[in-house]
Each structure stands twice: as structure tokens, then as C-alpha cells.
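1. Have a look; sequence and predicted model below, questions after that.
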2 protein chains.
Amino acid sequence: MTDRRLQEQVHIIGAGLLGTSIGLALSERGVDVTLADTSPTAVRLAVDYGAGRAPRADDRPGLVVVAVPPDVTAATVARALAEHPEALVTDVASVKGSVLAELRALGADVSRYLGTHPMAGRERGGPISARADLFLGRPWVLAGHDGISYRRAGAIEDLILDVGAVPIEMSVDEHDRSVAMVSHVPQLVASAMAARLRTASNGAVGLAGQGVRDVTRIASSDPGLWVQILSANAAPVAEILRGVRDDVDALLAALADPEAPGSRRALAELIAAGNAGVARIPGKHGDDRRFAQLVVMIDDTPGQLARLLTEIGELDINMEDLRLEHSPGAPIGFAEVSVLPEVEQRLIDELSARGWRIAGAS
Amino acid sequence: MTDRRLQEQVHIIGAGLLGTSIGLALSERGVDVTLADTSPTAVRLAVDYGAGRAPRADDRPGLVVVAVPPDVTAATVARALAEHPEALVTDVASVKGSVLAELRALGADVSRYLGTHPMAGRERGGPISARADLFLGRPWVLAGHDGISYRRAGAIEDLILDVGAVPIEMSVDEHDRSVAMVSHVPQLVASAMAARLRTASNGAVGLAGQGVRDVTRIASSDPGLWVQILSANAAPVAEILRGVRDDVDALLAALADPEAPGSRRALAELIAAGNAGVARIPGKHGDDRRFAQLVVMIDDTPGQLARLLTEIGELDINMEDLRLEHSPGAPIGFAEVSVLPEVEQRLIDELSARGWRIAGAS
């Protein structure tokens, strides 16, 4: 890391959310950033926000970042490799194997290319949503291949460190299988569940609680983007989704005759398999059985939740997690506060004494 | 409602989370509550917590509440109807059609029975987790049938009002189809997705973000309870789950050859159908495209989040929703604050001026 230094000039192709955010982060660190986009308006907006400047004929960027939609990523990278024969080129598309394969098919010089994937983003895109801090603390995958030298790969890793993200190295195949598992198949499962809600009665959706809301939250994603992602990562997605389909078929067989021998066991085993799977997710949500949850009623006025959290802070109790639930049609809500089990009773007693209504604890 | 009065004596069978919580809520209002359970320890605990007293031979309860596991609910209700020939009987199991059918098959007097279902509960059960306020503001379904008079049904509705819940009338069939849609099938979909995570690499689960966490959160539910629920509501669950399976099959066909005519369209249509379905869920989460989301970095120290919310309150900006995200392995987290779009820029400016790092806005 002693040799690490900022690129002097970085060229970003694609002034959307990711490209503009990278431009903002690098510009803040003094890098000379140039921006290009098929939309002149997007470039002008990104320049106005301070993400960089328009390119000039004598520019010689050391690094080109391609931040365009997945279905035009490979062609754009190939063109960038040809137009900037001295530069390293990377891209930030959320699939990596199809891009590398297409580049090789095009005869591109992949000894200067390394694909990456920042695990960051917002539901809304465009330069208007861009932030210099978008990548802070987020994982950013370097999808390695054996056609690039370590020195060149290191220069691309430096870009990731420069914008505050956490570089994670994996092979192209491992990346694509990983995002199929933790992003693409969950998207399809959420969408398939949400699609059923179209046929639900008003009475049914009126009973919707936090469970179905959580399961279907990501189903509001953009179809146009997801068609590109899914088409480009079809095989790994299909392999995992077939496992889901087989489990659903086993459930349907058990539900067709729940009294038959083995039916109850099949149902129990699938729920237990889900227990085991969700326990593998690291971090607080995956592990929240370690914590005691307390549900506190709050009304929907400004400052109520802040007052609650201030009072918890004054008790010197560390809140491990917080979830909000809304009661449909009622002007009240519920704050689920997770704390270490040993402080739960003290928190219940202290909050009750201060007039908070505790609507459940577990 | 002018005739409405509290039952003088209510007998609760089952001193678990729900039974004990109902006992606590009614006892607080001065009702004479008696408690029974197959576990003498559970009864003693519930009595210690103040949920009621042990029954005596001369008790004449006007209402019996059966709060036992789904698979023994009908038999327990039938016994209660026989043992208390003057009393109304209700139950709180999460399936209603199978209980009513079993009661009719047993020749029970259903003119004194009306099933209900409180949409409340915690992941952990038992009298220790019980709270008098568990039902406050929560929907509580009255699953109507044509064998009971309005006057008697009204007395059971009064119980729901007495514990602070919101009564919602629907037929037994509508209840069972509704909970299949918003609770039982989402549970299976979440479990089937989570079951796949067992086979994920450590690298893959390390990339898990908020999306897969949300989709799989309820997959940590208890297999024993769910086997009972699913067996008792098998037909409505299977009908909806078959729709999920058909959609997954259509996805697999499209993913098998994404370049084939119609494949991309099939993928787009499923994602779009999910958009339409999730938009039907009422309340803030389902509608959150109406709001602007701002992601603020916080560190995991007590009081940091409270300080953020206090400062937002001082700006007189109403926070419409709040979500917390944790960055795996990093001592920082992200608070996603939802506000009306017209105040978003002011909030960004004010928070930035106060030193908060904004890690994204949309």
C-alpha cells in the first residue's frame, strides 16, 4: 500500500446514480474527473453537481469507469479499451460473467480490464440522486480474472478504497453465483409473492402486517433494469430458483393431503430449513434472537420517536436495533426496540414509569 | 353500544402469550378472570403476573376464551361449550374454517361459539412474554358464521374492544383466504428462499444486503406451530401457492433461454406484476414512493440515533418512516429516513450543516 496514489485523471462513462456518485467522491479528493453520457443533459447536471468536467481532446485518463446499464456495458467497455489504449478500464454492472465473456468474444484487451460491483445504490437513479458518500462502508466486489496483472488490479482496488468502500475479491463466477443468491433470486421470490397480492381482496390486504410487507418490499423494483440483470445472469439464477421451485412443489404435495403420512414432516422440514438458512445471514437482523425485543406504542407526531430514543439513551441502554411498524388506518405506530436480554426488564420498568405504553415484549 | 358492559367473569383456557395477555388486559379493567392450562406451571406464572386466578367449582363465567395451539383448538372449544352450557365461547387460533367444521362434526352448540383471530403476537410465546397492551390498536378478526345471533356476536366483539383492539368482521372463508394471502403464503415463500441460503458460500452471505434480509426475516418462525397452521388451512394456502409456482415456472422457462422471443417480456411482466401487487398494501411501507428517502450514516453508539431524530424534530420536519441498516462487519450503520419530497433538500442541507454524513438520497 506504500505505492498507493490517487489516479490523476479518471474518465467516467455514464452519468447516472453510480457514475455521478463516483465522480463526486473522486472530485472531493482532488482527482481530475471527466464525464460522458449518451444524454448531454445528464452530463451537464453531473458537472453542475460538481462530479467532474466535460472531456477535452488532449485528456489522457489513467482509468476509465464504465457505469452504464448492464446490457450496453460490454460494448462500452470494449470501446473504452480501444479509445484509451494506455488506460485501465473497469465497470460497475451488477453482473460480471456475461460482460467478461462478451469482451473476450469481441477480442478486447482484457489485460487492462477488471469488472467490479459496488453493493450500493438507491431505488431511484439519475445524477440528481447521486451522493459523494454513497459507497461509504459498503462492500464493493472486485470480480477477478486471470488475464490481468496484480499491479493493474491493485490500481482498480485503489479506486474502491478512494471512494470509501470495502473491497471484496472474488472470481467472476463466484460473484455471479453470490448475487444470484442474495439479490437476484430474492428479487424474483419477492416479485412472485407480490404478484399474488393483485388478486387479494381489500379485506385481505387490510390485514397485512409487517411480515408480508418485509417479504414484498423489494418487489417495487424497476422491471426494465431487472430484465437486463436477469438475462445476463440467467444460469446461476435459474439454478437457485429451481431449488425454490422444487421446495414449493414439495409443499404443494404436502398441502394437497395434509393428513397423509409424511405431509406434516415435509411442512416442518421446509420451515426448519428456512430457520437454518436465515441464521447464515451475518449481522444484527440475522441474529436477532440474541436480543430481546420490546414494542413501544408511539403516535405519529414529530418528535415522539426522538423523545423515546433520547430517553433510552439517558438510561444508558444501547439499542441494538430498531424497527417501526404502522398500524393500518390508525394514527399510532409501534417501535420495536432490540436490546440485550439482561437490560430488557429495566428498560420496560423505566419506560413504563415514564408513561410509555409497552405493547409487547419477547 | 349503549348496552355494552364488561363481562363479569371470563374464563381463559391456555395460559400462553395470547391467553395471558388477554387475562392481563381484562384484569386491568376489573374483570374477574380465571385461568386454566394443561401446564400447572403456566397457570401459576400467569396468576403471578396478575392475569387472573385459578378457577373454583362455583364459577359461572359468561365468556370462555380458548387460547390453545391450533391443533387442539376445536376439541377444547367443544369441551368448553359442554362444560359451560350458559357461556359464550370464542377462540383465537389463526385458522377459523377447520375449527368451525370440526365443531360442527362434533355436534357442538355453535350458536354460542364465534371464532376470532387477533393479528398480534410476538416471535416468542409463553406467559412470560405476555403484555396487557399486546392488542392495542391491532386488527382482531371476528370470523362470522350464520349459526350465532348478533347479540351474542356483539358480546364477543366487546371483548375485542375491551382489550383495545380493532374488531374486523369477515366470514370464516374470507378470513382463511385472507391470512393465507398475507401471512401463510408469505411465510412459505420466505422459508423457501431462506432454505436456499443453506447452500450459499460464505462469500455470498457476506454480500447480503437489506433486500434478502427483509425477504427472509420471518423465515425464523417456529416449525411446530406452522405445521399446525398450514395443515389447518391447506386448501387456501395451496391455491395461492400454486399461483406462485406457476409464476416461478414461467420465470424458469424464460431464464432457460433469455434470448428466445418472449423471454425478456416474461421477466418484465413478472417484475411489473410484483410492482402492482405491492402497491396494494395500505400504509406507509407499501406507499413509500410518495416519500423521499435519505440515508444518514450513524455509528453504533448509544444516543447517536436519538440525536439524529431530535435534530430532525427540531427542524420541525415530520419523519414519515425510519429504517435502520447495518453494514456487515463495520461499526457503522445507516438510518433511512422517509420524508415528504418537498422537505428533502432542506433536510439534506440542514443535516449536512450539522455534520451528519448523508450516504445517499432518492
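-> The structure has been received and is ready for your questions.

2. Number of residues surrounding the nearest residue to A:Val68 once chain neighbours are set aside?
-> Distances taken as CB to CB, 6 or more residues apart in numbering or on different chains put A:Gly14 closest to A:Val68, at 4.0 Å, once the chain neighbours are dropped. Any C-beta I mention is one placed from the backbone N, CA and C, and that applies to glycine too. Residues lying near A:Gly14 (other CB atoms under 10 Å in any protein chain shown) number 29.

3. wait, isn't A:Glu86 in contact with A:Arg60?
-> Yes: with contacts counted by CB atoms under 8 Å, A:Glu86 reaches A:Arg60, the gap being 6.7 Å.

4. low-confidence ranges in the stretch 51-200 of chain A?
-> Along the stretch 51-200 of chain A, the parts satisfying pLDDT under 70 run over A:121-125.

5. how does it look with 80?
-> Applying pLDDT under 80 to the stretch 51-200 of chain A picks out residues A:121-126, A:128-129.

6. where do the helices sit along it?
-> With helices called from DSSP state H, counting those that start in this stretch, the stretch 51-200 of chain A shows them at A:70-83, A:97-105, A:150-162, A:172-179, A:185-197.

7. Is A:Ile156 in contact with A:Val65, as I believe?
-> No: assessed by CB under 8 Å, A:Ile156 is found out of contact with A:Val65, at 9.2 Å.

8. Those two: which is more packed in?
-> Neighbour totals were compared for A:Ile156 and A:Val65, and A:Val65 leads with 27 against 21 (other CB under 10 Å).

9. returning to that earlier point: of all the helices of the stretch 51-200 of chain A, which lies closest to A:Glu239?
-> A:Glu239 lies closest, by CB to CB, to one member of the helices of the stretch 51-200 of chain A: helix A:172-179, at 8.1 Å.

10. Report the contact partners of the residue nearest to A:Val68.
-> By CB atoms under 8 Å, 6 or more residues apart in numbering or on different chains, A:Gly14 lies in contact with A:Ala36, A:Asp37, A:Val66, A:Ala67, A:Val68, A:Thr76.

11. Name the residues contacting each of A:Ile156 and A:Val65.
-> By CB under 8 Å, 6+ apart, A:Ile156 and A:Val65 have these common neighbours: A:Thr90.

12. still on that earlier bit, looking at the contacts of A:Gly14, which is nearest A:Ala238?
-> Using CB to CB, A:Val68 comes nearest to A:Ala238 of the contacts of A:Gly14, at 25.3 Å.

13. what sits up against stretch A:265-278?
-> Under the contact criterion CB under 8 Å, 6+ apart, stretch A:265-278 has outside partners A:247, A:250-251, A:253-255, A:258, A:286, B:187-188, B:190-198, B:200, B:216-217, B:219-224, B:226-227, B:230-231.

14. Can you select the buried ones from those in PyMOL?
-> Here is the PyMOL command that selects the buried residues among the contacts of stretch A:265-278 (16 or more other CB atoms under 10 Å in any protein chain shown):
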select buried, (chain A and resi 247+251+254+255+258+286) or (chain B and resi 187+188+190+191+192+193+194+195+196+197+200+216+217+219+220+221+223+226+227+230+231)
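
15. how about the strands in the stretch 151-300 of chain A?
-> Taking DSSP state E, counting those that start in this stretch as the test, the strands found in the stretch 151-300 of chain A are A:166-171, A:292-299.

16. Quick one: mean pLDDT over the last one.
-> Translated: strand A:292-299. The average of the pLDDT scores along strand A:292-299 is 81.

17. any chance you could map the helices in the stretch 201-350 of chain A?
-> So, for the stretch 201-350 of chain A - with DSSP H, counting those that start in this stretch - the helices run A:202-206, A:210-216, A:223-232, A:234-256, A:263-278, A:304-314, A:341-353.

18. Could you say which of the ones you listed is packed most deeply?
-> Per-stretch averages of neighbours, counted by mean count of other CB atoms under 10 Å in any protein chain shown, single out helix A:210-216 among those, with a mean of 23.

19. Could you tell me which residues make contact with the closest residue to A:Ser263 other than its chain neighbours?
-> Nearest in space to A:Ser263, with sequence neighbours left out and distances taken as CB to CB, 6+ apart, is A:Ala254 at 4.1 Å. Shown in contact with A:Ala254 (CB under 8 Å, 6+ apart): A:Ala260, A:Gly262, A:Ser263, A:Arg264, A:Ala266, A:Leu267.

20. one more time with 10 Å
-> Contacts for A:Ala254 (CB atoms under 10 Å, 6 or more residues apart in numbering or on different chains) come out as A:260, A:262-270, B:227, B:230-231, B:234, B:238.

21. just A:Phe135 next, same as before
-> For A:Phe135, counting by CB under 10 Å, 6+ apart, the contacting residues are A:18, A:21-22, A:25, A:118-121, A:160, A:162-166, B:359-360.

22. let's see it at 6 Å
-> With contact set as CB atoms under 6 Å, 6 or more residues apart in numbering or on different chains, A:Phe135 has these partners: A:Pro118, A:Ala120, A:Val163, A:Gly164, A:Ala165.

23. and which of those residues is nearest to chain B?
-> Using CB to the nearest CB, A:Ala120 comes nearest to chain B of the contacts of A:Phe135, at 7.4 Å.

24. domain ranges for chain A?
-> Per the record, chain A has its domains at A:9-171, A:177-278, A:288-361, by automatic domain parsing.

25. need those in a markdown table with distance to B:Ala335, can you?
-> Formatted as a markdown table, those follow (distance: least, CB to CB, whole Å):
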| stretch | distance to B:Ala335 |
| --- | --- |
| domain A:9-171 | 13 |
| domain A:177-278 | 17 |
| domain A:288-361 | 9 |
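
26. Of those, which is nearest B:Asp299?
-> Closest to B:Asp299 of the domains of chain A, according to CB to CB: domain A:9-171, at 10.2 Å.

27. Could you work out the end-to-end span of that closest one for me?
-> Domain A:9-171 has its terminal residues 28 Å apart, counting by CA to CA, to the nearest Å.

28. Please state the offset of it from the chain centre?
-> 18 Å (CA atoms, centre = their mean, to the nearest Å).

29. Equivalent analysis for stretch A:242-254, please.
-> Distance of stretch A:242-254 from the chain centroid (CA atoms, centre = their mean) equals 27 Å.

30. go on, stretch A:234-242?
-> How far stretch A:234-242 lies from its chain's middle: 19 Å, per CA atoms, centre = their mean.

31. Do any residues in it lie close to chain B?
-> Yes: applying CB under 6 Å from any CB of the partner chain, one finds stretch A:234-242 in contact with chain B at A:Ala234, A:Val237, A:Ala238, A:Ile240.

32. residue contacts, the first one?
-> In other words, A:Ala234. Residues counted as contacts of A:Ala234 (CB under 6 Å, 6+ apart) are B:Leu255, B:Pro258.

33. Can you give me the pLDDT of it?
-> At A:Ala234, the pLDDT value in this model is 97.

34. nearest to B:Glu344, of the domains of chain A?
-> Closest approach to B:Glu344 among the domains of chain A is made by domain A:9-171 (10.6 Å; CB to CB).

35. Quick check: the gap between the closest residue to A:Val215 other than its chain neighbours and B:Arg242.
-> Excluding the flanking residues, the one nearest A:Val215 by CB to CB, 6+ apart is B:Pro186, at 4.5 Å. B:Pro186 sits 15 Å away from B:Arg242, going by CB to CB, to the nearest Å.

36. For A:Ala108, which residues are in contact?
-> Contact analysis of A:Ala108 by CB under 6 Å, 6+ apart lists A:Ala78, A:Leu81.
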